[in-house]
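Colleague: return atomic coordinates for the entry below.
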Amino acid sequence: MKFSLRQIASILHAEIEGDPNLEIHTFASIEEGFPGAITFLGNEKYTPFIYQTRASAVIVDKDFLPNGKIQATLLKVDDPYTAVALLLEQVNKLKVSQKVGIEEPSQIHSSVRMGQNVFIGSFAYLDKDIVIGDEVKIYPNVYIGEGSEIGDNTIIFPNVTIYHGTKIGNNCIIHAGSCIGSDGFGFAPQEDGSFKKIPQTGTVVLEDGVELGANTCIDRATFGQTIIRQGAKLDNLVQLAHNVEIGKNTVIAAQTGIAGSTKLGANCMVGGQVGIVGHLEIADRSMIDAQSGVNKSIKESGKAFRGSPIQPHRQQLKSELLFRKLEEMYNKIRDLEDQIQNLGS
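Modeller: Numbers count the residues shown, from 1 in each chain. Next comes the predicted model:
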């Protein structure tokens, strides 16, 4: 697909400095730009490349003032990162929207209700009493269990497994290999040392605008719902246990695991490889550094934490600094002990 810079500028509400009739057919990094590509400058350390890039156009901040000659046409916007995200979103929508219809072979129960302009890839399996909204795209090898609901404009990529009774809202994206609605990890210990399985009778709910990364797993609730609130974004390889609740617009990086019945508030930011134990409450706008271990509730909103177990961010940094000095401190204490012993002899 090709677009003129005039068309792109209208999407981004950008001011053009250069040739508005140039045609763009792809994206590129500013270092590796080439004719026909559009790129962006969002970080000052990449500024030298704007004078060297061969890209046809560069998206820049509206306050950008060059101090040298630039070959590329500039598109000036309020926020280059947001502009690029919007542009990529629009291009992706055009690509995805072209997929319509049902590929064969696929297995679709006669009771399935589908909206308009739905795409279902080959080898997909849709069980009975499923409701599929308008413009939904279901890629090959997807399984959707009985009684599930998929909202409008949702995209489900290949090899996703959605268990029975799952409810997914509008404009969600489920990346390849994810599993939604598998049994929560519930077992009752027995006197003979064995474990009796506790049936997991609840479900999973994804509200509008949720995105799940590849191979993310979300367990169904023991009772009630495991729920991911509107706009939350989960990275690849995230594990949510039964009855977990993720607040609105919270983001969670890869390899994080959250144990059962823990509730995260809205607009939290959780780094990669964080472990959070069960039955906690994490306040709105909490920030948790990568590889932290959360073993207690966070009750005050907007605070940053780090370490395992977590401490307030600044306090943990001080602790880490002291830890690095332990050997030096130990040697000093040992020298002082020797001096004291020598005084007594």
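Colleague: could you pull out the helices for the protein?
Modeller: Ranges of helices within the chain are 5-12, 80-97, 313-324, 326-344, based on DSSP state H.
Colleague: what angle sits between the second one and helix 5-12?
Modeller: Which is helix 80-97. Counting by axes from the mean of the first three to the mean of the last three CA atoms, to 10 degrees, helix 80-97 points 100 degrees away from the direction of helix 5-12.
Colleague: please tell me I have it right and residue 112 contacts residue 132.
Modeller: Yes - using CB atoms under 8 Å, residue 112 is in contact with residue 132, at 6.7 Å. Yep, even glycine has a C-beta here, placed from its N, CA and C like the rest.
Colleague: can you give me the buried ones in stretch 197-209?
Modeller: Going by neighbour count (16 or more other CB atoms under 10 Å), the buried part of stretch 197-209 is 200, 202, 203, 204, 205, 206, 207, 208, 209.
Colleague: how many neighbouring residues does residue 39 have?
Modeller: Per other CB atoms under 10 Å, the neighbour tally for residue 39 reads 27.
Colleague: quick one: stretch 338-345 to chain centroid distance?
Modeller: Put simply, stretch 338-345 sits 61 Å off its chain's centre (CA atoms, centre = their mean, to the nearest Å).
Colleague: tell me the mean pLDDT for that stretch?
Modeller: Mean per-residue pLDDT for stretch 338-345: 80.
Colleague: same question for stretch 279-292.
Modeller: For stretch 279-292, mean pLDDT is 97.
Colleague: restricting to C-alpha, output that stretch in CSV.
Modeller: Extracted in CSV, the C-alpha atoms of stretch 279-292 (Å, rounded to 0.1, in the frame of the first residue of the first chain):
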residue,chain,number,x,y,z
HIS,A,279,-4.8,-12.3,48.3
LEU,A,280,-3.1,-8.8,48.1
GLU,A,281,-4.4,-5.4,47.1
ILE,A,282,-2.2,-3.1,45.0
ALA,A,283,-3.2,0.5,45.0
ASP,A,284,-3.8,2.6,41.8
ARG,A,285,-0.8,3.9,40.0
SER,A,286,1.7,1.6,41.8
MET,A,287,5.0,1.1,40.1
ILE,A,288,6.9,-2.1,40.6
ASP,A,289,10.4,-2.6,39.3
ALA,A,290,11.5,-5.7,37.3
GLN,A,291,12.3,-8.9,39.2
SER,A,292,10.6,-7.6,42.4
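Colleague: now do it: everything it contacts.
Modeller: The contact list for stretch 279-292, computed with CB atoms under 8 Å, 6 or more residues apart in numbering, reads 247, 253, 259-276, 294, 296-308, 310, 313.
Colleague: residue 192 versus residue 239, what's the distance?
Modeller: 29 Å (CB to CB, to the nearest Å).
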